[in-house]
Every structure is written in structure tokens, then in C-alpha cells.
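> My questions concern the predicted model and sequence given below.
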Amino acid sequence: MLPANHVRRLLVSLVFLSLWPAGITLASPDVVVFQQGEQETRVEVEALRERADVHFTFFDPYLAEEVDITGLVFRDLLVEQFGEVPERLAFTAWDDYEVTLGGWDDPNWILVTHHDGEPLGLRERGPVRLVERDYGDRDPANLRNFNDWVWMIRGIEVPR
């Protein structure tokens, strides 16, 4: 016979699972979901970290300091996942932020996996985030110049 507190936990778990909508999968900070139409690909963040081959140091306007960045050229990853660079992408972040942006056919965009040699976690605006390697003549003191940087990415979708 199970103790009463174990029976209650089991019942609560069963009720929760019975209310969970069919067909919905849980995401975790260990996975980035790429979606185009009905096709969904789940890519392990660890696999992205292992493939990260772009290393550079730049001034992060949000931290107001020089940082070492490691990541992947985002354009190349998009071609790998979608067969092309889509005109627009819809991003979903772990804080439920959602945005649709275009202009990704530019090797300047980096999908960041590491910051100062450490893998990004949610506390570091990860597990992955998008930054521009070179932001030209924009003033880093004006943070509005960087509104298209996307943090805490959990899903990337080609909108219909």
C-alpha cells in the first residue's frame, strides 16, 4: 500500500496528464525547435555547441563590455534546416517573447552558443541567441539600434 501523500501526487500527475492537449510536445532549454509548415525538427543545443566554429570578441551593448563569443553563422544553419534562407522568421523565446523578422541572408548574424567560453544557459540569455558580429557605424550606447537581436530562443519557424 502506498502512503497517502504518494497516492495524492500520483492522482495529481494523472489529472495533469489527462488535461494535457494531445499532440503537444514539451520543449526544453536543451532543444531548439525549427518548424516549417507541419515539419518540425528538434536540434539539441549541445549539438549546436559542438558545431560552433565562429569565435570573436566584440562590445556587447547590453552588457557594456567586451565579450568573447562562440557560435554558428545563422544563414548557414537556416539553409541546413530549411533548404534556403527564408524571407522572414518567427521566433519564440523562453520568456514567451514572440517576434517575426526578416533579413537573415547575411553572414553577419551569429547564433551564439557560448559567452566568455561558457555555454549559454537561460540566465545568460540562452540557450542560444542571435547577435550581429559587426554592427557597422551604429552607436552601441543607443540600445534601440539592436532591437532585432533575439535572446533565449526556443523555436524558429517559417511563417506562412
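Structure received.

> and residue 60, bridged to which residues?
residue 65 (DSSP bridges).

> Which is the succeeding secondary structure element to the helix or strand hosting residue 110?
If you go by DSSP states H and E, residue 110 is part of strand 109-115. Using DSSP H and E, the helix or strand that directly follows strand 109-115 along the chain is strand 118-119.

> ok, that next one: who's next to it in the sheet?
Using DSSP bridges, the strands paired with strand 118-119 are strand 109-115 (antiparallel).

> quick one on the thing from earlier: and the strand holding residue 110, average pLDDT?
Averaged over strand 109-115, pLDDT sits at 97.

> The helix or strand hosting residue 56 vs strand 109-115, what angle?
Using DSSP H and E, residue 56 sits within strand 54-60. Here strand 54-60 runs at an angle of 90 degrees relative to strand 109-115 (axes from the mean of the first three to the mean of the last three Cα atoms, to 10 degrees).

> Show me what strand 54-60 is in contact with.
Strand 54-60 is contacted from outside by 65-73, 110, 131, 133-134, 140, using Cβ atoms under 8 Å, 6 or more residues apart in numbering. Yep, even glycine has a C-beta here, placed from its N, CA and C like the rest.

> Quick one: buried ones out of those residues?
Burial by neighbour count, 16 or more other Cβ atoms under 10 Å: within the contacts of strand 54-60 this picks out 69, 70, 71, 72, 73, 110, 131, 133.

> quick one: which of those is nearest residue 29?
Closest approach to residue 29 among the buried ones among the contacts of strand 54-60 (Cβ to Cβ): residue 71, at 16.4 Å.

> Is that closest one in contact with residue 111, as I believe?
Yes: proximity of residue 71 to residue 111 meets the contact threshold set by Cβ atoms under 8 Å, at 5.1 Å.

> overlap in contacts of the two?
What both residue 71 and residue 111 touch, as defined by Cβ under 8 Å, 6+ apart, is the set residue 128.

> CA-only coordinates of the strand holding residue 110 in PDB, if you can.
Taking Å, rounded to 0.1, in the frame of the first residue of the first chain, the C-alpha atoms of strand 109-115 are listed here in PDB:
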ATOM      1  CA  TRP A 109      24.200  37.100 -38.000                       C
ATOM      2  CA  ILE A 110      25.600  34.700 -35.500                       C
ATOM      3  CA  LEU A 111      23.700  32.100 -33.500                       C
ATOM      4  CA  VAL A 112      25.600  32.400 -30.200                       C
ATOM      5  CA  THR A 113      26.100  29.200 -28.100                       C
ATOM      6  CA  HIS A 114      28.900  30.400 -25.700                       C
ATOM      7  CA  HIS A 115      29.700  33.600 -24.000                       C
END
